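>>> Give me the fold of what follows.
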Amino acid sequence: MNPRLLPLLAVPLVLAFAPSASALTPTEKNLAFDSYNNAFYVANGGNGYYALDTNRAAPGRIDFWRVCEQIEAAEDAYERTRNPAHRDIVFSLLNGLNNVISRTTDFASWNEYNDDVMWAVIALTRGYEITGHRPFLDQAQWQFNAVWSRAWDNQLGGGFWWRADKQTKNACVAGPATIAAMLLARNTVNTGYRAQADQIYNWLRSTLYNASNGQVADHIKLNGEKVWWAFTYNQGTFAGASALLYQATGNASYLNAGGLAVNWTRNNLTGQHLPGILNDEYDSGGGHGDTAGFKGVFVRWASKWAGVANDASIKSWLVTNSNTAWSYRNSSGLMWGQWWRRTPDNYVTSWESSPGLAVTQIPY
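Numbering: from 1, shown residues only. Down below sits the predicted model:
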């Protein structure tokens, strides 16, 4: 480690919450990424992966979607820096997705969770844009097409089934699938992904989105009952999908709908411990539980929406969350998902640390 950066790791024993409009410096953002990689990245001969925790345990198939979202955090870092070394990490991590995590390029053949596969499609397509490695794009198309074939139908007006048992249709599939289709559409010609993006988004917006306030329901049951559990990642992917559609069409209704979702999150999923700071969202699985990393997805796509909308208020709010997460880093520069107290030095998971990495890589 460069000794000139050591002062950046010093954390006061008592830290008062003081929102700041000044974003982290590029040096601090780089240090956040370097610290994450120092703790968790395993190169593994070109088939890299992020270890599960500071004990360096290797991930497996059960960790699949979380692995995909950690890869996206690395992609965020590259898109911010355009550093060739960061591009190489992305390339290695995507190779590892096939060779270390799933041991096959056919995720849909063994993974019944359609949202898991859509997270992979996003990571792979973004990875293609970063590396130019065509097999990543080919694989992303195959996976998307497989999920469309097995999970989309007209029951409940459209939408994707969450799992193979076809009991619920969920925002956690529809939001990422819209993003995935939009990314695939901009990297292919005459494939139909653009039209599919419209179909998915229109169903999500008409079925699981409350147009009066911006809340996104978690899912709709087979009997038509809607379940209004609120999670940051569903809010975020709806906002991200809206931003991509606005960019493609110039239709302000997309931008407005995404803005309602972002602001609903700001008003309803913050303040658990500090005013304006995103809630922890930990579940019974603690740092290994799915929900511990949800807000990393939110900040990625809320940041995208704020950039497209040029919304100074949301940008400032996200910066405040970034500064707060960073201020509670541990002696190794790691942040966990509890952005209101110091990250432990002795143990932390890479998944619960990934939202801190994501929020520190926002491009402002």
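>>> and Glu247, how many residues sit next to it?
Not Glu; residue 247 is Gln. As a burial measure, Gln247 scores 14 neighbours (other C-beta atoms under 10 Å). Where you see a C-beta, it was placed from the backbone N, CA and C, and this is true even at glycine.
>>> what helix or strand does it sit in?
Element membership for Gln247 (DSSP states H and E) is helix 232-249.
>>> Show me what counts as buried in that helix.
Residues of helix 232-249 classed as buried: 232-246 (neighbour count, 16 or more other C-beta atoms under 10 Å).
>>> Now do the buried residues in the helix or strand just after it.
Next in sequence after helix 232-249, counting helices and strands by DSSP H and E, comes helix 252-268. For helix 252-268, burial by neighbour count (16+ other C-beta under 10 Å) applies to Tyr254, Leu255, Ala257, Gly258, Gly259, Leu260, Ala261, Val262, Asn263, Trp264, Thr265, Arg266.
>>> name the helices or strands packed onto the host helix or strand of Phe64?
Taking DSSP H and E as the criterion, Phe64 maps to helix 64-81. Other helices and strands packing on helix 64-81, by 3 or more C-beta pairs under 8 Å, 6 or more residues apart in numbering; DSSP states H and E, are helix 26-40, strand 49-50, helix 84-96, helix 114-131, helix 294-309, helix 350-360.
>>> Show me what the mean pLDDT comes to for that helix.
In this model, helix 64-81 has an average pLDDT of 98.
>>> Go ahead and name everything in contact with stretch 272-290.
When contacts are defined by C-beta atoms under 8 Å, 6 or more residues apart in numbering, stretch 272-290 is touched by residues 17, 19, 52-53, 65-66, 231-232, 265-266, 269-271, 291-292, 294-295, 298-299, 317, 320-321, 324, 336-341, 348-349, 351-352, 355.
>>> so how far is it from its chain's centroid?
How far stretch 272-290 lies from its chain's middle: 15 Å, per C-alpha atoms, centre = their mean, to the nearest Å.
>>> now swap in stretch 179-186 and tell me
With C-alpha atoms, centre = their mean, you get 16 Å for stretch 179-186.
>>> pLDDT of that stretch, averaged?
Per-residue pLDDT over stretch 179-186 has a mean of 99.
>>> quick one on the thing from earlier: any chance of the buried residues of helix 252-268 in TSV, with pLDDT and distance to Arg80 too?
Listed next are these as TSV, based on pLDDT from 0 to 100; distance: C-beta to C-beta, whole Å:
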residue	pLDDT	distance to Arg80
Tyr254	98	25
Leu255	98	23
Ala257	98	27
Gly258	98	21
Gly259	98	23
Leu260	98	27
Ala261	99	24
Val262	99	20
Asn263	98	25
Trp264	99	27
Thr265	99	22
Arg266	98	23
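>>> ok so, going back, want to try a markdown table for the helices and strands packed on helix 64-81, with mean pLDDT and mean neighbour count as columns?
Listed next are the helices and strands packed on helix 64-81 as a markdown table, based on pLDDT from 0 to 100; neighbours: other C-beta atoms under 10 Å:
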| stretch | mean pLDDT | mean neighbour count |
| --- | --- | --- |
| helix 26-40 | 98 | 20 |
| strand 49-50 | 98 | 27 |
| helix 84-96 | 98 | 20 |
| helix 114-131 | 98 | 25 |
| helix 294-309 | 98 | 26 |
| helix 350-360 | 98 | 29 |
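>>> what would these look like in TSV with distance to Ala197?
Output for the helices and strands packed on helix 64-81, formatted as TSV (distance: least, C-beta to C-beta, whole Å):
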stretch	distance to Ala197
helix 26-40	30
strand 49-50	29
helix 84-96	23
helix 114-131	12
helix 294-309	15
helix 350-360	23
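>>> closest to Gly250 out of the ones you listed?
For the helices and strands packed on helix 64-81, proximity to Gly250 was assessed by C-beta to C-beta; helix 294-309 is nearest, at 11.0 Å.
>>> what about the next helix-or-strand element following the closest one, distance to the chain center?
Downstream of helix 294-309, the first helix or strand assigned by DSSP H and E is helix 312-327. When distances are taken as C-alpha atoms, centre = their mean, helix 312-327 is centred 17 Å away from the chain's centroid.
>>> for the helix holding Gln247, packing partners?
With contacts taken as 3+ C-beta pairs under 8 Å, 6+ apart, helix 232-249 sits against helix 171-187, helix 193-207, helix 252-268, helix 294-309.
>>> Can you tell me how far Phe160 is from Lys29?
Distance of Phe160 to Lys29, computed by C-beta to C-beta, to the nearest Å: 35 Å.
>>> again, but for Thr343
Distance from Thr343 to Lys29, counting by C-beta to C-beta: 17 Å.
>>> Over to Thr291?
Thr291 is 25 Å from Lys29, by C-beta to C-beta.
>>> Could you do Asn114 as well?
Asn114 sits 33 Å away from Lys29, going by C-beta to C-beta.
>>> what do you get for Leu52?
Going from Leu52 to Lys29 by C-beta to C-beta gives 24 Å.
>>> now do Ile122
Counting by C-beta to C-beta - Ile122 and Lys29 are separated by 22 Å.
>>> cool, and Asn213?
33 Å.
>>> What of Tyr364?
Relative to Lys29, Tyr364 is positioned 11 Å away (C-beta to C-beta).
>>> that older thread, in JSON lines, list the helices and strands packed on helix 232-249 along with distance to Ala151.
Formatted as JSON lines, the helices and strands packed on helix 232-249 follow (distance: least, C-beta to C-beta, whole Å):
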{"stretch": "helix 171-187", "distance to Ala151": "7"}
{"stretch": "helix 193-207", "distance to Ala151": "11"}
{"stretch": "helix 252-268", "distance to Ala151": "23"}
{"stretch": "helix 294-309", "distance to Ala151": "20"}
